[in-house]
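Chemist: Prediction below, plus the sequence it came from.
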Amino acid sequence: MNIGQAADSSGVSAKMIRYYESIGLIGAPLRSESGYRIYAPEEVHTLRFIKRARNLGFSIDETRELLALWRDKSRASADVKRFALNHVAELEAKIAELQAMAGTLRHLAQTCHGDGRPDCPILADLAGTETPPKGRQSAGRSG
């Protein structure tokens with residue numbers, strides 16, 4: 001099948017297929033006499049594997065490692081499990097960071113009056129100050 005058909009069948013865009021080929025994540029496919037890429041069902045299966053791994057948050061390098069584990073029929077499943085659990089721990093750490101960020105922003109939004117006043121605790125916090133800088137007036141007011 002050609003690259004468009006491989007893209008449709010795998011759910012990976014033609015642009016990403018070319019990118020994965022350029023970085024060696026997938027091998028170079030066969031070419032037709034006219035130079036078009038020709039993908040075998042096994043290559044489309046590999047593209048689906050890559051898409052699923054990327055959807056689960058694995059980086060390109062981690063996906064490369066997973067592909068190697070997938071292709072190595074003599075590998076122990078314990079190695080795959082360890083790899084997956086390490087990724088779960090990384091995801092949980094990112095979730096905790098995001099929850100802390102959301103909590104901070106939620107608190108700041110609750111302290112903001114949200115009316116016509118120019119003072120804003122959100123901006124003050126971002127600036128590392130308790131109050132807006134002196135001498136700064138809203139637009140249209142002279143100082």
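Modeler: In hand now; what should we look at?
Chemist: that's a helix at Leu108, yeah?
Modeler: Yes: under DSSP: H, G, I helix; E, B strand; the rest coil, Leu108 sits within a helix.
Chemist: Gly128 versus that one, what's the distance?
Modeler: 13 Å (CB to CB, to the nearest Å). (C-beta placed from N, C-alpha, C; glycine too.)
Chemist: These two: which has the busier surroundings?
Modeler: Neighbour comparison, Leu108 and Gly128: the larger count goes to Leu108, with 16 against 6 (by other CB atoms under 10 Å).
Chemist: can you list the domain ranges for this protein.
Modeler: When the chain is parsed with automatic domain parsing, its domains come out as 1-57, 76-133.
Chemist: Now render the ones you listed as a markdown table, adding mean pLDDT.
Modeler: Formatted as a markdown table, the domains of the chain follow (pLDDT from 0 to 100):
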| stretch | mean pLDDT |
| --- | --- |
| domain 1-57 | 96 |
| domain 76-133 | 92 |
